[in-house]
Every structure is written in C-alpha cells, then in structure tokens.
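1. build me a model from this:
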Amino acid sequence: MNLRTLAIAAISLTIFSSCSLFKQTEQTTTAEQDTVTKTMDTVTVEGNRNYRASATRINDLKHTKLRVSFDWQNQYLYGRATITLTPHFYPTDSLKLDAKGFNLDTVALMTDEGKKLLDYEYDSLNIHIDLPRTYTKDESYKVYVRYTAKPEQLPENKGGAISGDKGLYFIDPLNENPDKPRQLWTQGETEASSCWFPTMDKPNQRTSQEIYMTVADSFTTLSNGELVSATEHDDGTR
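-> Residues are numbered from 1 along each chain as shown. Got it, this is the predicted structure:
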C-alpha cells in the first residue's frame, strides 16, 4: 500500500466515523424530542372575587351583662345591658353599638358614684355615644343601656340565613294553638343578636356574657354556658 492509498483510507475512515457519529447524535436528539402526552386536571380561571374585610375594631367587647324580661302580649323584650369595653388600639372618645329597632330609655356610663347620663344619637340601627373623655387601650369602661326590643316590628330581611333575622322569636305568644307549645328562642348568627340586646354585632368581636331572665315559673329555660342559680318569686315567676 503506497502513501496515497493510506491517505485515502484514512480519509474514508474519518468520513465513515463522522457519519456514524452524526447518525448516533441524530438518533439521540430525536429520542430527546419525543412528546409525552398526559391528561391533566382541569384548571378553572375565575375573575377577581370581592374582598370582604373584617369589621374595623375601634373598641373591643370584654363582657356583657343582661337582665331581661318578656312581654308576650306585645312580643317585646325589656332589657338592661351593662357592657364592658376597652379601646382596641388607638385612644377613643366615642362608641358605636348595634341596636336594631329599640326604644331607648337610658344610656349612661357606669362610675363609682353611679350612672352618668351620656349624650348619644340613635338612627334605629346604631347608638352613637359620646364618651365623657378619651380612653386608651390600657383602660376599660362600662356603658349601661336600658331599652325595649321589638323584634316583631323589624322589617323583614329576606336575605338572611333565617327568614326575618329577628334575633328573638316568639312562638304562639298568646298560647292560642293547642298543638304548638308557647316558646321563645334566640338566634344571633350572623348579626341578629343586636335585634334583642345592644352590642357590637360583628363576627370578629369576642365577649364573655352573663344573663338574668325573669320568666313564668311554668317555663323551662335553657342556654349554653353554666346555670348558676334560679330563684322563685311570690308572683309565680323566677
């Protein structure tokens, strides 16, 4: 084999090797480009939902003390509420309470000397109260409200969770239906408690509570919490 023949053989070998390498690379590239199809879960794209912020907290409920009695004839509740509050963060000299459809008799600040009447405005839904001074978040104060709640006279709220959203429900109040026991019950969700006692009727408010009810001794009373005592009176009530 002369030198020319050897050179041609070397060139041929190089070309053959390059072709082999090209084919192998081409096959590898083709394998990497294979498409794998999978069925995925459906993704639903929705528009922006309305943001519903929690109620702004100017004051915080700390404790609510209620004394209530009932007028079955007129379907009224007579109440006296003592509400303990404290400013949530910033100092404040005012208070807004939810109270739907009340007749208000007294709005006062509880002090060591007794009840001090407060200036207020009432629009049938809220009591806007002017406090006698500015309170800070390290202080608490007590407001007293004497009132009459008239749940049956409230306008019907058809959008509520329970038709009417009266908060307080008189069932067969005149005891006229022998097949239906006379009863009274409450339902406060979500903002119906203020139909029968003044409060800050928002889901982000938390308060302890005590309630004193005067009822005919023929009634059975029940509630969540703990029954502390029951006292019978000479007039047939307890």
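
2. ok, I211 - how many residues close by?
-> The local packing of I211 (other C-beta atoms under 10 Å) involves 15 other residues. Where you see a C-beta, it was placed from the backbone N, CA and C, and this is true even at glycine.

3. ranges for the strands of this protein?
-> For the chain, the strands defined by DSSP state E cover 59-71, 76-87, 92-98, 102-111, 114-117, 119-122, 126-135, 141-149, 168-171, 183-186, 208-214.

4. what does the fifth one rub up against?
-> Put plainly, it is strand 114-117. 106-109, 132, 144 (C-beta atoms under 8 Å, 6 or more residues apart in numbering).

5. by neighbours, which of these wins?
-> Going by other C-beta under 10 Å, V107 tops the contacts of strand 114-117 with 23 neighbours.

6. is it true that that residue touches V145?
-> Yes. V107 lies in contact with V145 (C-beta atoms under 8 Å); the separation is 5.5 Å.

7. shared neighbours, the two?
-> With C-beta under 8 Å, 6+ apart as the test, V107 and V145 both reach I127.

8. among the helices and strands of the protein, which has the poorest mean pLDDT?
-> Lowest on mean pLDDT, DSSP states H and E among the helices and strands of the chain sits helix 3-32, with a mean of 48.

9. now tabulate the strands of the chain in TSV and tack on mean pLDDT.
-> As requested, these are exported to TSV (pLDDT from 0 to 100):
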stretch	mean pLDDT
strand 59-71	98
strand 76-87	99
strand 92-98	98
strand 102-111	98
strand 114-117	97
strand 119-122	98
strand 126-135	99
strand 141-149	99
strand 168-171	95
strand 183-186	94
strand 208-214	96
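
10. export the ones you listed as a markdown table, with columns for distance to S194.
-> Below are those laid out as a markdown table (distance: least, C-beta to C-beta, whole Å):
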| stretch | distance to S194 |
| --- | --- |
| strand 59-71 | 11 |
| strand 76-87 | 11 |
| strand 92-98 | 4 |
| strand 102-111 | 9 |
| strand 114-117 | 22 |
| strand 119-122 | 13 |
| strand 126-135 | 9 |
| strand 141-149 | 9 |
| strand 168-171 | 11 |
| strand 183-186 | 12 |
| strand 208-214 | 14 |
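
11. closest one to R52 among the ones you listed?
-> Closest approach to R52 among the strands of the chain (C-beta to C-beta): strand 92-98, 17.9 Å.

12. who touches the closest one?
-> 58-59, 83, 85, 125-131, 133-135, 143, 145, 191, 194, 198-202.

13. nearest residue to the middle of this protein?
-> P203 (2.3 Å; C-alpha atoms, centre = their mean).

14. residues in contact with that one?
-> 54-55, 190.

15. now with 7 Å?
-> T190 (C-beta atoms under 7 Å, 6 or more residues apart in numbering).

16. if we can go back for a sec, for V36, which of the strands of the chain is the nearest?
-> That would be strand 59-71 among the strands of the chain, by C-beta to C-beta, at 58.3 Å.

17. residues of that closest one that come out buried?
-> 59-61, 64-66, 68, 70 (16 or more other C-beta atoms under 10 Å).

18. do stretch 98-107 as well
-> Under 16+ other C-beta under 10 Å, the buried positions of stretch 98-107 are 98-102, 107.

19. export the residues you listed as JSON lines, with columns for distance to G236.
-> Below are those laid out as JSON lines (distance: C-beta to C-beta, whole Å):
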{"residue": "D98", "distance to G236": "34"}
{"residue": "A99", "distance to G236": "31"}
{"residue": "K100", "distance to G236": "32"}
{"residue": "G101", "distance to G236": "30"}
{"residue": "F102", "distance to G236": "28"}
{"residue": "V107", "distance to G236": "32"}
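
20. much appreciated, bye for now.
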